[in-house]
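>>> Here is a sequence with its predicted model. Questions after.
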Amino acid sequence: LAETFARAMYQHRPKGYGAGGGVQDERAEHIPDFFEAIAIGDIETHDLIKVWKSNAFTDEIKVPFGYMRKGDELTPELSFLNFYEENRDGNGPHGAIAGRTGSGKSYFLRAIVLALLALYGPDKVALILADFKGGSTFLGMDPDRIPHVVANISDLEHTAELVDRLGAVIDGEVTRREEFITGEKGCKDIFEYREQQRQHPGELDWPPLPNLFVVIEEFNGPRPRQRGINELLTRVSRVGRSLGMHLVMCSQHADRSTFGELLEQLAFRYCMAVSSPHQSITMIGTDAAAKSSGGTLTGKIWRRFSCDEAPVEIRALDHSASVSGRNATMADALLDRLSREPAPDVRRLWTKPLREPVTLPELGLQRQKDGLGIQIGYLDDPLYHRTLPWTIDLGSNTPHWLISGDPGSGCTTTLQTIVLAACAQHTPQHVSFVLLDSRSGQLHAVAESANVIAYAHSGDAESVKAALDEIDRLMRLRHDAVTRPYSAGI
């Protein structure tokens, strides 16, 4: 208990405490660890909910993430980042982090994200975490574990469709916020919305609208067919301030060829060791980060805010330090504790991509009482952050359907799915099938299904003729039925 109290109170001790008659502390100045920096004494008893509530309506999103340093010497003074813009005494709203492989860039980025999670609740901070390389920067921060995280996407560099999908999700959120904040609520920006929301606590018409942080790791410029993502991020950088959206761009190669027009919008900049003076100058105005080899301290960082006359030397908080009495790092202990907090009802922007097959039992199909709709799967709609049922309606104005594709693309599987899904949703008296199979004979797998009244293989001329004759008979029978006087149609 005494240790926990001392750790929590150290930061409030006056400098030089003990001088002039008191007990003089002659030890070297204490360098706070990660938990001390974010005011956590005992991680198990720490009241995260209380902290989040106290920060819910603060006029800043400000986190400690590192120590000030003098060359290779760390100082107890903490370095902070306020994500609000300059006219609100902040350093944002957007920024960049640069550093070559092994410089500590990912470790530093993780420190910032961990501090955000610890100090602000999911009603104030939401995160889209995207890693083009698929590294371990965001390990343990999955949406089903950490309530703040609405998406954690990796290996974007080799998965072009996920880059497009990420762009659609972000684009959709920009549009949604514009329509909601300024259109529906008539507020000029998110700050006015929060003031209004504060006057309507708990009202469903005034839901929490967290600041959305889009954190992109290993962004080294889009490939030719992905140019649209740069244009979208540039749009976000221009309208994000009023909508509560922030970009944190991280790259090994920080220059205009990587970021394009977006570079001008990145207000706060942090640079670790880089490979060329040009990259260092782009980030911090000097070549210091290109000449950082040597010395006893690793993970050196140079900070450049608009208010800094010269680059400021810092180093990331040590979140990999062990927790006293536990076989876990401070980062892992914090993430474990966050995973056990009650998950609030927050808007999920990232729905599961439809990259893996969905089985019929997973669809949960039910018998239909009317209509000729057959749900055969799901439709991905990332722009509106949702997944929709994929239903073909045989009773609409388009009763005839064509399915086409190259061999192996799934045409036969689609036909099989239609038959089996119809069996699950409609009785044979309501929907039935005549199957004319090709040489492959793959439709034979569903030929015994309850709703199949006839099956013919292309290699069996007699069965094909019988099936076609049955279709002709049914057509004549139905034609006679619907053309009778006073008939109401089929």
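Structure received. What you see is a predicted model, and the numbers here were worked out from it, not measured in a lab.

>>> Helices along the protein, start to end?
All helices of the chain, identified by DSSP state H, fall at 2-9, 34-37, 48-54, 105-119, 160-177, 190-198, 227-243, 256-259, 277-284, 330-339, 360-363, 411-425, 461-482.

>>> Format those as CSV; extra columns: mean neighbour count, distance to residue 78 and mean pLDDT.
All C-beta atoms are positioned from the backbone trio N, CA, C, and that covers glycine. Shown next, in CSV, are the helices of the chain (neighbours: other Cβ atoms under 10 Å; distance: least, Cβ to Cβ, whole Å; pLDDT from 0 to 100):
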stretch, mean neighbour count, distance to residue 78, mean pLDDT
helix 2-9, 13, 15, 54
helix 34-37, 24, 6, 97
helix 48-54, 15, 17, 95
helix 105-119, 23, 10, 96
helix 160-177, 18, 32, 92
helix 190-198, 17, 26, 95
helix 227-243, 18, 26, 90
helix 256-259, 16, 29, 87
helix 277-284, 21, 20, 94
helix 330-339, 20, 15, 96
helix 360-363, 13, 49, 86
helix 411-425, 19, 58, 94
helix 461-482, 12, 79, 90
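
>>> Who are the contact partners of residue 178?
239, 243 (Cβ atoms under 8 Å, 6 or more residues apart in numbering).

>>> Burial check on residue 124, number of neighbours?
Residue 124 has 22 neighbours, counted by other Cβ atoms under 10 Å.

>>> Worst mean pLDDT across the helices and strands of the protein, which element?
helix 2-9 (a mean of 54; mean pLDDT, DSSP states H and E).

>>> if we can go back for a sec, with respect to residue 452, which of the helices of the chain lies nearest?
Comparing the helices of the chain by their distance to residue 452 (Cβ to Cβ), the top pick is helix 411-425, with 6.6 Å.

>>> before we move on, the earlier item: could you export the helices of the chain to JSON lines, including columns for distance to residue 94?
Output for the helices of the chain, formatted as JSON lines (distance: least, Cβ to Cβ, whole Å):
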{"stretch": "helix 2-9", "distance to residue 94": "33"}
{"stretch": "helix 34-37", "distance to residue 94": "24"}
{"stretch": "helix 48-54", "distance to residue 94": "24"}
{"stretch": "helix 105-119", "distance to residue 94": "13"}
{"stretch": "helix 160-177", "distance to residue 94": "13"}
{"stretch": "helix 190-198", "distance to residue 94": "15"}
{"stretch": "helix 227-243", "distance to residue 94": "5"}
{"stretch": "helix 256-259", "distance to residue 94": "11"}
{"stretch": "helix 277-284", "distance to residue 94": "14"}
{"stretch": "helix 330-339", "distance to residue 94": "25"}
{"stretch": "helix 360-363", "distance to residue 94": "40"}
{"stretch": "helix 411-425", "distance to residue 94": "44"}
{"stretch": "helix 461-482", "distance to residue 94": "63"}
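
>>> Can you tell me which of the ones you listed is nearest to residue 207?
helix 190-198 (8.0 Å).

>>> Residue 70 and residue 219: what is the separation?
31 Å (Cβ to Cβ, to the nearest Å).

>>> Who has more neighbours out of those two?
Taking neighbours as other Cβ under 10 Å, residue 70 and residue 219 compare with residue 219 leading, 26 against 8.

>>> Look up the closest residue to that one, ignoring the ones flanking it.
Excluding its sequence neighbours, the residue lying closest to residue 219 (Cβ to Cβ, 6 or more residues apart in numbering) is residue 251, at 5.0 Å.

>>> How about the contacts made by residue 33?
317, 318, 321, 330.

>>> who wins for most neighbours among these?
Busiest of those [other Cβ under 10 Å] is residue 317, holding 31 neighbours.

>>> thought residue 89 was touching residue 62?
No - using Cβ atoms under 8 Å, residue 89 makes no contact with residue 62, being 9.2 Å away.

>>> between the two, which one's more packed in?
residue 62 (18 against 12).

>>> Distance check, the more buried one against residue 154.
In terms of Cβ to Cβ, residue 62 sits 28 Å off from residue 154.

>>> same check, this time on residue 479
59 Å.

>>> tell me the pLDDT at the residue nearest the centre of the chain?
Residue closest to the mean C-alpha point of the chain, counted by Cα atoms, centre = their mean, is residue 151 at 2.1 Å. At residue 151, the predicted lDDT confidence score is 92.

>>> Let me see the contact set for it.
Residue 151 makes contact with 127, 128, 129, 130, 143, 166, 169, 349, 350, according to Cβ under 8 Å, 6+ apart.

>>> Adding distance to residue 102, write the residues you listed out as TSV.
TSV is the format used below for the contacts of residue 151 (distance: Cβ to Cβ, whole Å):
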residue	distance to residue 102
127	25
128	26
129	21
130	22
143	29
166	27
169	32
349	33
350	30
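
>>> Among those residues, name the buried ones.
127, 128, 129, 130, 143, 166, 169, 349, 350 (16 or more other Cβ atoms under 10 Å).

>>> So for the first one, what pLDDT did the model give?
Spelled out, that is residue 127. Residue 127 is assigned a predicted lDDT (pLDDT) of 97.

>>> so what's it bridging to?
Under DSSP bridges, the beta-bridge partners of residue 127 are residue 149, residue 213.

>>> Tell me which residues touch it, please.
With Cβ under 8 Å, 6+ apart, residue 127 has these contacts: 113, 116, 141, 148, 149, 150, 151, 212, 213, 215.

>>> between those residues, which is nearest residue 338?
Taking the contacts of residue 127 together and measuring to residue 338 by Cβ to Cβ, the closest member is residue 148, at 8.0 Å.
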